[in-house]
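Peer 1: Have a look at this prediction, sequence included:
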Protein chains: 2
Amino acid sequence: MRKISESTVRRLSLYLRFLEQFAAQGQTTISSAELARRGGTTSAQVRKDLSFFGSFGKRGLGYSVPELAAKIRDILGLRRTYRVVLVGAGRIGGALIQYPGFRQRGFHVSAIYDRDPKKIGSRWNGLVVRDVRHLEADLAREPIDIAIVVTPADAAQDVVDRLVRAGVKAILNFAPAQLTVPADVVVKSVNMALELETLSFALANR
Amino acid sequence: MRKISESTVRRLSLYLRFLEQFAAQGQTTISSAELARRGGTTSAQVRKDLSFFGSFGKRGLGYSVPELAAKIRDILGLRRTYRVVLVGAGRIGGALIQYPGFRQRGFHVSAIYDRDPKKIGSRWNGLVVRDVRHLEADLAREPIDIAIVVTPADAAQDVVDRLVRAGVKAILNFAPAQLTVPADVVVKSVNMALELETLSFALANR
DNA sequence: CTGTGTGAATCTATTCACAGCC
DNA sequence: GGCTGTGAATAGATTCACACAG
């Protein structure tokens, strides 16, 4: 497939969210202009983003809300569910696991791991925290799709290496560390401090 | 000032983190190539990023680690501390407030607000959760620099409108909602579900 | 007439490549 | 000789503008 930019993918995610809201209000058809206004972009951008994947609209009319939503779900790979594990049973992990948006979109957390004996065995949102030593054996028995890494920075690379060796191909990283992985593994890092720093930069440069 | 791209700012944040690590190891000088390797970019990119703000290196030698770190702190506005309030005393808010990276970088959470009477008055990391009704009065008495919005999606725009009216110029938004603000207010949105969807897209398109 | 789909034009970001200084 | 700083070249993303389908 033609190379799709990260920004296009993020916008498709947004469009999907809006389409679901429009669908909930019973709206059956929508124009690129309306979608653009909602998403803070331009109608040409919306049409271009979609055009990478096909032509889903009707000229003079716009897009069918349910059809376009289904199509975007297809594109984003949201037709199926994903098995997710969480490594690190800290505060951020706890917040994530409760986050309804995950389950709603088909991301099912199937296990939580930690290293701390005080946490191992405790219940977390219906799951028992497991000793991270079992990681490899568990993944060999029941492969997963995505791992969320929420360990301290100094443990993150080690955990990631183990996940990669166990065959994990997608990692969402919340540890404030730069991770190295083979080319066939995709890592997305979210760094809270960095987000705040873009704000302090904006405040400092006005 | 010349318009600086978001990606440049994010990379500067990263460079700063690496510089601090190098400094902790006692390294006093560093080349753009070394910084680039660490940050997964190119030496030309590092030099170009820095060149928007001045020339801080010595030809043939590289950059002084502490000097460059100080300079980047300057650029990012990290010389000062920032007063931050949190609106929404939920799980994510709880995780954020404990996050050591915030305080370390000078972001001090001075108050937490919520609407839920069950939460109001409870202690959170040394702070008492206040009724969000006091928001305007509190901010008039003690202005803040940054607000972090961690409310449910349907409450977010209302909270943001109130923050903006109270004079807040920078908002970090964790609510899965698209926010509208005047041009002089900067909003940075972090959407966890969207991050996961970029991963499912990557998995679906290999 | 309305609103899509898309090549062409423009604007922005990254990479190249080299002169200049340490 | 090594490495920065930076214009020039390239690559990439966004916007324009219009032919065309409903």
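Peer 2: Structure's in. What do you need?
Peer 1: what about the helix or strand hosting A:K71 and DNA strand D, any contact?
Peer 2: For A:K71, the host element (DSSP states H and E) is helix A:65-76. No. Applying Cβ under 7 Å from any atom of the strand, one finds helix A:65-76 out of contact with DNA strand D, separated by at least 14.1 Å. To be clear about C-beta, it is placed using only N, CA and C from the backbone, and glycine gets the same treatment.
Peer 1: Now find how far off-centre that helix is within its chain.
Peer 2: In this view, helix A:65-76 has its centroid 17 Å away from the chain centroid, taken as Cα atoms, centre = their mean, to the nearest Å.
Peer 1: Next, the buried residues of that helix.
Peer 2: A:65, A:68-73, A:75-76 (16 or more other Cβ atoms under 10 Å in any protein chain shown).
Peer 1: Against chain B, which of those make the cut? List them.
Peer 2: Among the buried residues of helix A:65-76, the residues within reach of chain B (Cβ under 8 Å from any Cβ of the partner chain) are A:75-76.
Peer 1: Show the secondary-structure elements that the longest strand along chain A is packed against.
Peer 2: In chain A, assigned by DSSP state E, the strand with the most residues is strand A:107-114. Other helices and strands packing on strand A:107-114, by 3 or more Cβ pairs under 8 Å, 6 or more residues apart in numbering or on different chains; DSSP states H and E, are strand A:82-87, helix A:91-98, strand A:127-131.
Peer 1: which element is the residue lying farthest from the centre of chain A on?
Peer 2: Most distant residue from the mean C-alpha position of chain A: A:G60, 34.3 Å away (Cα atoms, centre = their mean). A:G60 is part of no helix or strand when elements are defined by DSSP H and E.
Peer 1: repeat for A:I144
Peer 2: Per DSSP H and E, there is no helix or strand for A:I144.
Peer 1: Test my guess that it contacts A:T81.
Peer 2: No. Using Cβ atoms under 8 Å, A:I144 is not in contact with A:T81, being 11.4 Å away.
Peer 1: okay, those two: which has more neighbours?
Peer 2: A:I144 (21 against 13; other Cβ atoms under 10 Å in any protein chain shown).
Peer 1: show me what contacts the closest residue to that one other than its chain neighbours?
Peer 2: The spatial neighbour of A:I144 that comes closest, neighbours along the chain excluded (Cβ to Cβ, 6 or more residues apart in numbering or on different chains), is A:R83 at 4.3 Å. A:R83 makes contacts with A:108, A:110, A:142-146, as judged by Cβ atoms under 8 Å, 6 or more residues apart in numbering or on different chains.
Peer 1: Could you list the residues of chain A in contact with DNA strand D?
Peer 2: A:3, A:5-8, A:41-42, A:44-45, A:47-48, A:58-61.
Peer 1: Taking those, please make a ChimeraX selection of just the buried ones.
Peer 2: Of the residues of chain A next to DNA strand D, the buried ones can be selected in ChimeraX as follows, counting by 16+ other Cβ under 10 Å:
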select /A:8,41,45,47
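Peer 1: Check the residue farthest from the centre of chain A and give its pLDDT.
Peer 2: On the pLDDT scale, A:G60 is placed at 96.
Peer 1: Can you give me the domain boundaries for chain A?
Peer 2: With domains defined by automatic domain parsing, chain A comprises A:6-76, A:82-194.
Peer 1: Throw the ones you listed into TSV and include distance to B:V187, thanks.
Peer 2: Output for these, formatted as TSV (distance: least, Cβ to Cβ, whole Å):
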stretch	distance to B:V187
domain A:6-76	10
domain A:82-194	15
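Peer 1: What residues sit buried inside stretch A:12-30?
Peer 2: A:12-19, A:22, A:29-30.
Peer 1: Output that stretch as PDB, nothing but the C-alphas.
Peer 2: In PDB, the C-alpha atoms belonging to stretch A:12-30 read as follows (Å, rounded to 0.1, in the frame of the first residue of the first chain):
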ATOM      1  CA  LEU A  12      -9.300   9.300  10.200                       C
ATOM      2  CA  SER A  13      -9.600   8.300  13.900                       C
ATOM      3  CA  LEU A  14     -11.200  11.700  14.600                       C
ATOM      4  CA  TYR A  15     -13.500  11.500  11.600                       C
ATOM      5  CA  LEU A  16     -14.700   8.200  12.900                       C
ATOM      6  CA  ARG A  17     -15.500   9.600  16.300                       C
ATOM      7  CA  PHE A  18     -17.500  12.400  14.700                       C
ATOM      8  CA  LEU A  19     -19.400  10.000  12.400                       C
ATOM      9  CA  GLU A  20     -20.400   8.000  15.400                       C
ATOM     10  CA  GLN A  21     -21.700  11.100  17.100                       C
ATOM     11  CA  PHE A  22     -23.600  12.100  13.900                       C
ATOM     12  CA  ALA A  23     -25.000   8.600  13.600                       C
ATOM     13  CA  ALA A  24     -26.200   8.700  17.200                       C
ATOM     14  CA  GLN A  25     -28.100  11.800  16.400                       C
ATOM     15  CA  GLY A  26     -29.700  10.000  13.500                       C
ATOM     16  CA  GLN A  27     -27.900  11.900  10.800                       C
ATOM     17  CA  THR A  28     -27.600   9.700   7.700                       C
ATOM     18  CA  THR A  29     -25.500  11.800   5.400                       C
ATOM     19  CA  ILE A  30     -22.600  14.200   5.800                       C
END
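Peer 1: related to what we said a few turns ago, what lines up beside the longest strand of chain A in the sheet?
Peer 2: strand A:82-87 (parallel), strand A:127-131 (parallel) (DSSP bridges).
Peer 1: does stretch A:33-52 come close to DNA strand C?
Peer 2: Yes. Where contact is defined by Cβ under 7 Å from any atom of the strand, part of stretch A:33-52 touches DNA strand C, namely A:33, A:43-44, A:47-48, A:50-51.
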